[in-house]
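Asks: Predicted model and sequence below, questions to follow.
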Amino acid sequence: MAYQHNETIFALSTGLERAAIAVMRVSGAGSAVLLQQLCGTLPAPRRAVLRRVWRDSAVKDNLLDEAVVLWFPGPESYTGEDGFELHLHAGPAIISAVAEALVQSGARPAEPGEFTRRAFTNGRMDLVEAEGIADLIAAETESQRKLALAQSDGALSKLYQNWRERLKYILAYQEALIDFPDENLPQETEQKLTDEISNLIAEMQSHLQDGEKGERIRRGVVFAIAGPPNAGKSSLLNWLAERDAAIVSSVEGTTRDAIEVGGTLAGVRVTFIDTAGLRETEDIIEAEGVRRALFHVKHADCVLQMFPGATIPEEVFSDAILIGNKADLIPVPSEVHGHEVIPVSLKTGEGLKALRHVLERKVESLTARLPGSAPLLTRARHRAGVQEAQQSLAAALEQQWPELRGEEIRLAMRALGRITGLVGVEDVLDAIFGQFCIGK
Ligand SMILES: Nc1nc2c(c(=O)[nH]1)N(C=O)[C@@H](CNc1ccc(C(=O)N[C@@H](CCC(=O)O)C(=O)O)cc1)CN2
Ligand SMILES: Nc1nc2c(ncn2[C@@H]2O[C@H](COP(=O)(O)OP(=O)(O)OP(=O)(O)O)[C@@H](O)[C@H]2O)c(=O)[nH]1
Ligand SMILES: [Mg+2]
C-alpha cells in the first residue's frame, strides 16, 4: 500500500456500543482548516473548550452538535501531526453527520492503527511501543494491563536499544582493528570485546529463557482437561466456566470436539479446553476427538488430568494436575504414582475450593516474575529477532577475521533494529498495524 502522510484522516475513537460521549479524532495537515470550518477560531493548544460544531461555521450552516473540542498542533501531538478531537454527544445521527462533514471537506476515514502508524513514522514511538499500545487496548486482565503498559511506556524498547548501543561500541572497536591492523589493539581490548559479546549472548539467553511468561500473559494460560470417558471433565469445564458450556451425560464418549472457555484466574487470562475422553475406539469421529484431545494435552501449559474415583490412570502426563473426581461415590486415592491427587466431587462441590486454590497457584507460578526483573518477551516477532541477533553474535565469536566478525555484529544489530522498527520494516508494518482497531 502506498503510504500517504498528507491526507487528513478521521475516526471514531470511542466504542461503538451505546455510550453518552463519542470522541471523533482527526489527524493530518488539513486539521487546522477543518477545525476552523467546523468550530470557528482555533482553541488554545491542548485545552478543552466547549464549542458549537457546524457543517460550516463561517455561514452558521447546519448546527451539528455542541461539543468539547481539543486542538493538538503538531509536533506536540499523539501522531506528531496537527490534529483535533471532538467529544460529541454519542447519537448515531450526530456521528454520521460529523463524519459526512469531514469527508465533504476532504478528510477520509482512517484505517486500523493508522493514527499509531503515523506516530511511529513520525518518530513519536518505536514499533515495540506501538505493539504495547495495541496490547493495552486489548488487555482484559491485570497482568495483561501491566505487561502492556510497561511495553508501551518503553521498558522493553530500552532493553533492545541498550543491546544495540553496546553492539555499536563493539563494532567501533572492531572497525579500529580493521583500519589499523598494524597498530594491534592491546590484547586486553580484544579480550574485553570478546567478553562483552559473551555478556550480550548471555543476557539475550536469559531474556529468551523466561519460560514464555510474557507470551503466556498475553495469550492466556492454557489448561487442557483430559482423562478417560465419564471422568467428569465436561462437568469440571462447566463449573470453571460458570455456565453450561459443554454437554454432560452418563454416556461414555459424549464430548468429541474440544470446547474452549476463557476466564480469569489470579488476574491472569486463562483458557480451559474440555476434550474427548481418552480411549481406544472404533468410532472414527470419536477417534478424531481423541486425536485432538492428545494434541491439546501436548500443547497446553498445564493438563488437568481427571479420573473418576478409583480408576487410577496408568500414566501421568507431564505438567499435569491430578484430579480424582466423584469423591461422593468412591474414595479417591491421595496419590497416584507418587503424584498428589486433588479429590473433588463435581456433584456435591467438595474439594472445588481447594482445586481453585491449586489452579490459582499454578497460574501464578507460570506467569510470576521477581520484582524489578527485566521486561518480559511478549511476541514471537521479538523472539525471532533476539534469536537471530544471538546467533549472529555466536557466529561473531567463531570468526577469526575482524572483517567477518564485524559483519556478524552488524547482522546482530540489524536483527535488533528490526524489532524496534529502526531498520528494514516496511514489509511488516501493514501486518502489525492492520491488527489494531480503527481509531487507534
Ligand atoms: N482524549 C484522548 N484521550 C487519550 C488519548 C487521546 O489521544 N485523546 N490517548 C491517545 O492514545 C491516550 C493518551 N496519549 C496521548 C499521548 C500524547 C498526547 C500528546 O498530545 N502529546 C504531546 C503533548 C504532551 C503534553 O500535553 O504535555 C507531546 O507528547 O508532545 C496525547 C495523548 C489515552 N487517552
Ligand atoms: N456422582 C457423581 N457423578 C458425577 C460427578 N461428576 C460428574 N458426574 C456424572 O458423571 C457423568 C459424566 O460426566 P461428564 O462431565 O459428562 O464426563 P466427561 O469426562 O466429560 O465424559 P466424556 O465427555 O464422555 O469423556 C455425568 O452423568 C455426570 O453427571 C461427581 O462428582 N459425582
Ligand atoms: Mg465430556
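Replies: Structure's in. What do you need? Numbering: from 1, shown residues only. Ligands and ions are numbered 1, 2, ... in the order given.

Asks: okay, CA-based contacts and neighbour counts for the rest of this
Replies: Will do.

Asks: Which segments of this structure make up each domain?
Replies: 9-125, 130-210+377-421, 217-367 (automatic domain parsing).

Asks: Specify the stretch among those domains that is closest to ligand 1.
Replies: The minimum distance between ligand 1 and the domains of the chain falls on domain 9-125, with 3.2 Å, by C-alpha to the nearest ligand atom.

Asks: still on that earlier bit, the domains of the chain: lowest mean pLDDT?
Replies: Lowest mean pLDDT of the domains of the chain: domain 130-210+377-421, a mean of 92.

Asks: now the end-to-end length of that domain.
Replies: This stretch, domain 130-210+377-421, spans 10 Å end to end (C-alpha to C-alpha, to the nearest Å).

Asks: Contacts (any at all) between ligand 1 and it?
Replies: No. Taking C-alpha under 6 Å from any ligand atom as the criterion, domain 130-210+377-421 and ligand 1 are apart, separated by no less than 7.9 Å.

Asks: how many neighbours does the residue in the stretch 101-250 of the chain positioned nearest to ligand 3 have?
Replies: Per C-alpha to the ion, the residue of the stretch 101-250 of the chain with the smallest distance to ligand 3 is S234, at 4.1 Å. Neighbours of S234 under the rule other C-alpha atoms under 10 Å: 28.

Asks: and if you look at R292?
Replies: Here the number of neighbours of R292 (other C-alpha under 10 Å) works out to 17.

Asks: Thought A258 was touching it, still the case?
Replies: Yes. The criterion here is C-alpha atoms under 8 Å, and R292 meets it with A258 at 7.1 Å.

Asks: shared neighbours, the two?
Replies: T275, A276 (C-alpha atoms under 8 Å, 6 or more residues apart in numbering).

Asks: if we can go back for a sec, check the secondary structure at the residue of the stretch 101-250 of the chain closest to ligand 3 for me.
Replies: With DSSP: H, G, I helix; E, B strand; the rest coil as the basis, S234 sits in helix.

Asks: shouldn't it be in contact with I247?
Replies: Yes. Because the distance of 6.8 Å satisfies C-alpha under 8 Å, S234 is recorded as touching I247.

Asks: Need the overlap of contacts for those two.
Replies: Both S234 and I247 are contacted by T255, under the criterion C-alpha under 8 Å, 6+ apart.

Asks: re earlier: now do the contacts for the residue of the stretch 101-250 of the chain closest to ligand 3.
Replies: A246, I247, V248, T255, D274, T275.

Asks: That one and Y169: what is the separation?
Replies: From S234 to Y169 the distance is 58 Å (C-alpha to C-alpha).

Asks: Then H207?
Replies: Counting by C-alpha to C-alpha, the separation of H207 from Y169 is 21 Å.

Asks: The two - which one has more neighbours?
Replies: Higher neighbour count among H207 and Y169: H207, with 19 against 12, using other C-alpha under 10 Å.

Asks: three-state assignment of that one?
Replies: Following three-state DSSP, the label given to H207 is helix.

Asks: Let me know whether it touches T378 as I believe.
Replies: No. H207 is beyond contact range of T378, at 10.5 Å (criterion: C-alpha under 8 Å).

Asks: on contacts alone, who are the packing partners of the strand of greatest length in the chain?
Replies: If you go by DSSP state E, the chain has its longest strand at strand 61-72. Applying 3 or more C-alpha pairs under 8 Å, 6 or more residues apart in numbering; DSSP states H and E, one finds that strand 61-72 contacts strand 49-56, strand 83-89, helix 92-104.

Asks: Please list the residues of the stretch 201-350 of the chain that sit near ligand 2.
Replies: Residues of the stretch 201-350 of the chain lying near ligand 2 (C-alpha under 6 Å from any ligand atom): 228-235, 248-250, 252-255, 276-277, 325-326, 328-329, 345-347.
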